[in-house]
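**Student:** okay, predicted coordinates and the sequence, questions at the end:
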Amino acid sequence: MIKAVSAENLIKKYGNFTAVNGISFDISEGECFGFLGPNGAGKSTTVRMIHCVSPITSGTIVVFGERASIESRIIKKMTGVIPQEITLDPDLTVYENLSVFAAFFDIPRSVAKKRIGELLEFIELTNKSRCRIDELSTGMKRRLLIARSMLNQPKLIIADEPTTGLDPQARHLIWQRLRSLKKKGTTLILTTQYMEEAQQLCDRIVILNEGRILRLGCPQKMIQDEIGKEVIEVRIPQEEDKTLLDSLMGLYIGHERAGDTLYLYCDDGFPLKKRIVELNLTKVLNRPSTLEDVFLKLTGRSLQE
Ligand SMILES: Nc1ncnc2c1ncn2[C@@H]1O[C@H](COP(=O)(O)OP(=O)(O)OP(=O)(O)O)[C@@H](O)[C@H]1O
Ligand SMILES: [Mg+2]
């Protein structure tokens, strides 16, 4: 399998502060690879080093055989970036934002014109082509950023929190576009704070926290290994945990307490829930396990905190 990105012992320091603390990972060509973590985990810092806009303090990144550094024009040329901040020129129209960028990549005018037309179709903004940026919704701006990242027909696209702040419908539209990019064979790197996004899109993820990798692997397998199939949430005072856990012995495979909730992990919630109901506890919720549970188990806090 061809390696798209390979990072070894990557460290990033800002002065005395270590934002990325010795991480290593490999990304295969055609894969969608995610960085899942809370605010400040080091997601943007990591991907900015991959697309060569942030100097690496130590360690190495190789992108399609090229060693990454802020001088690497080859990597910049074959990479498309959807930045976390909306960096569109408000004085230009939708079309002009794309054509200026195309010129920046030395794409001949006639080629650019055709490509921009196709990309506007792809992100469903053809009818907004002459609009100014401030006439677009946030979801439309994010879609335009996707189109912009595709102008140079990159082998690798890096999307840094592409749906933060969007409503569910706008989010689903972005997911569809990213999935069809992947279908075309583009390698995707995605950062997100949303476990659902990671679960929906990524073949493999790392869970990043305070600049370190807590886990790396396929989301479904990670959930199964760490948690099991189901989670039962019981809202009882913490002092009552021990008594309850003792009386449920053998029915759960793990547990965690966070805030006002006791989380019980299991593969089959039915007998566990039945027993809890027999104990006359009312505030009980039974649901499938998620990456959020994995994060909670590993860090003791929730992703959005
Ligand atoms: N230019 C900078 N100078 C100093 N510290 C920085 C700089 N950029 C980021 N940091 C710090 O590095 C850490 C990681 O930041 P980073 O932006 O990579 O996080 P993130 O995971 O992308 O978070 P978010 O989800 O909020 O975007 C944070 O503590 C941040 O304050
Ligand atoms: Mg970020």
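**Tutor:** Received the coordinates, thanks. Ligands and ions are numbered 1, 2, ... in the order given.
**Student:** may I see the buried residues of whatever helix or strand Ala198 lives in?
**Tutor:** Per DSSP states H and E: Ala198 is located in helix 195-201. Within helix 195-201, the residues that qualify as buried are 195, 197-201, counting by 16 or more other CB atoms under 10 Å. Heads up, the C-betas are built off the backbone N, CA and C, glycines and all.
**Student:** what do you get for stretch 297-305?
**Tutor:** 297, 299, 303.
**Student:** what about the second one, distance to ligand 1?
**Tutor:** In other words, Thr299. Noted for Thr299: a distance of 14 Å to ligand 1, by CB to the nearest ligand atom, to the nearest Å.
**Student:** circling back: list the buried residues in whatever helix or strand comes next after the helix holding Ala198.
**Tutor:** Going down the chain from helix 195-201, the next helix or strand is strand 204-209, by DSSP H and E. By 16+ other CB under 10 Å, the buried positions in strand 204-209 come out as 204-209.
**Student:** rebuild those residues as CSV, extending it with distance to ligand 1 and pLDDT.
**Tutor:** Shown next, in CSV, are the buried residues of strand 204-209 (distance: CB to the nearest ligand atom, whole Å; pLDDT from 0 to 100):
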residue, distance to ligand 1, pLDDT
Arg204, 18, 98
Ile205, 14, 97
Val206, 12, 97
Ile207, 12, 96
Leu208, 7, 96
Asn209, 9, 95
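**Student:** pick the one among those closest to Arg171.
**Tutor:** Ile205 (17.6 Å; CB to CB).
**Student:** so what sits opposite the spatially closest residue to that closest one that is not a sequence neighbour in the bridge?
**Tutor:** Using CB to CB, 6 or more residues apart in numbering and skipping the chain neighbours, the partner closest in space to Ile205 is Gly34 (3.9 Å). Assessed by DSSP bridges, Gly34 has beta-bridge partners Leu190, Ile205.
**Student:** model confidence score at Gly34, please.
**Tutor:** The model reports Gly34 with a pLDDT of 97.
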